[in-house]
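Peer 1: Pasting the sequence and the predicted model now:
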Amino acid sequence: MKRDLSLIALFALLVACVPLVTSSGVILNFVMMVLYGALMAQAWNLLGGYGGQFSFGHALFFGTGAYVQAIAQMQWGLNPWPALALAIVLSAAVGLFVGALTFRYGLKGSYFALVTLAFAEVFRVVALSVPFTGAGVGLMLPLQEGAGNMQFGGRAGFIWLALGLLVMALVITAWLRHSRFGAWLQAVRDNEDAARAIGVDPFRVKLGAIGLSGGLMGAAGAFYVQVFQYIDPAIAYGAHASVEALVAAIVGGMGTLWGPLLGAATLHLLSDLTRNLFGNLPGINMIIYGCVLVMIVMFAPRGVAGLGRSVVAVWRAQTGQDKRKGEGA
């Protein structure tokens with residue numbers, strides 16, 4: 001645990017210094033979007049990677065956080081900082097609600113994935129129909145620049161905000177890796193019946209995981225609203241947020257601490273390179289994500305993080321073998 005926390009602290013220090021050493025808009029925007037993507041991927045990873053509950057509808061929590069953030073400011077007059085906390089709490093509550101309905105009746109695997117997708121679609125239709133979400137027009141936050149209003153004059157402030165949210169997600173994941181609850185969650189993932197036989201309650205464990213996952217995904221939605229100052233049902237509950245969270249976690253390495261960050265960096269790097277080649281071609285990001293996902297599943301099923309560990313293991317085995325040969329000679 002101490003090693004993980006030390007690495008997280010070092011990572012946070014290095015990233016926090018990026019806006020201090022460069023003013024390049026391209027670099028700062030790339031760093032911000034990678035942190036934002038890593039936050040979504042880490043949220044999905046808690047449930048899908050450590051809990052083994054694959055979700056196709058994490059946009060459900062993303063959209064809830066985004067709309068709560070916007071509505072709390074525009075209609076309730078709440079400051080953006082407490083609105084962010086409220087967005088996280090209510091997104092976690094939606095996660096608990098969905099988990100209570102699905103896990104109570106033993107839904108898992110493809111059934112659970114399809115149910116989450118269905119919930120996201122239901123919420124999208126509701127958001128299109130009710131007036132307080134702006135219906136199909138959406139909501140646009142007024143510009144009130146200032147740190148107190150969580151609207152910064154440059155990308156540096158948003159980088160530090162995204163970094164703070166991601167560090168929170170990394171610390172939760174590090175705790176999960178070393179806590180009893182995390183051991184229970186991974187036991188449920190590996191064999192639910194065996195976990196139940198040794199006294200673990202799968203329902204409560206999975207419910208806790210989806211609550212944490214939903215809260216972190218809601219934080220990503222709230223961050224999106226503050227950066228782009230606009231949200232509508234297609235953005236909030238559409239497929240893009242769900243796909244980015246899922247693919248980045250799988251590409252980076254499910255069930256790992258740093259895999260989602262590596263996956264988000266890989267996807268955004270490929271996305272930026274493709275944009276420079278083809279421009280803003282509609283759907284190009286989804287094509288990239290699909291191709292990368294297929295390649296990872298075929299050739300590196302443990303993701304980028306797992307590929308790195310495999311290379312290290314092969315190198316150590318080779319050096320150990322050479323050392324033994326030298327001693328034998």
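Peer 2: Right, received. Where do you want to start? Computed from a prediction, not measured in an experiment: that's the story for all the values here. Numbering: from 1, shown residues only.
Peer 1: Just the strands from the stretch 101-250 of the chain, written as ranges.
Peer 2: For the stretch 101-250 of the chain, the strands defined by DSSP state E, counting those that start in this stretch occupy 139-140, 230-231.
Peer 1: could you give me the average pLDDT of the last one?
Peer 2: Right, strand 230-231. On average, the pLDDT along strand 230-231 is 96.
Peer 1: Name the secondary structure element that contains the residue nearest to residue 169 when sequence neighbours are not counted.
Peer 2: Distances taken as CB to CB, 6 or more residues apart in numbering put residue 42 closest to residue 169, at 4.2 Å, once the chain neighbours are dropped. In this view, the C-beta of every residue, glycine as well, is placed from N, C-alpha and C. Residue 42 is located in helix 25-48, with elements delineated by DSSP states H and E.
Peer 1: pLDDT (mean, whole number) over the helix or strand that that helix is followed by?
Peer 2: Following helix 25-48 in sequence order, the next helix or strand is helix 59-74 (DSSP H and E). Averaging pLDDT along helix 59-74 gives 96.
Peer 1: Between helix 25-48 and helix 59-74, find me the angle.
Peer 2: Here helix 59-74 runs at an angle of 120 degrees relative to helix 25-48 (axes from the mean of the first three to the mean of the last three CA atoms, to 10 degrees).
Peer 1: And the helix holding residue 42, how far out from the chain middle?
Peer 2: When distances are taken as CA atoms, centre = their mean, to the nearest Å, helix 25-48 is centred 7 Å away from the chain's centroid.
Peer 1: What residues of that helix count as buried?
Peer 2: The neighbour-count check on helix 25-48 (16 or more other CB atoms under 10 Å) flags 28, 30-48 as buried.
Peer 1: and it, what other elements does it pack with?
Peer 2: helix 2-21, helix 155-178, helix 202-228, helix 239-252, helix 259-278 (3 or more CB pairs under 8 Å, 6 or more residues apart in numbering; DSSP states H and E).
Peer 1: Spit out the contact partners of the residue lying closest to residue 265 once chain neighbours are set aside.
Peer 2: Leaving aside its chain neighbours, residue 265 sits nearest to residue 34 (5.0 Å; criterion: CB to CB, 6+ apart). Going by CB atoms under 8 Å, 6 or more residues apart in numbering, residue 34 touches 261, 264, 265, 268.
Peer 1: How many residues are close by the second one?
Peer 2: Read it as residue 264. Look at residue 264: counted by other CB atoms under 10 Å, it has 28 neighbours.
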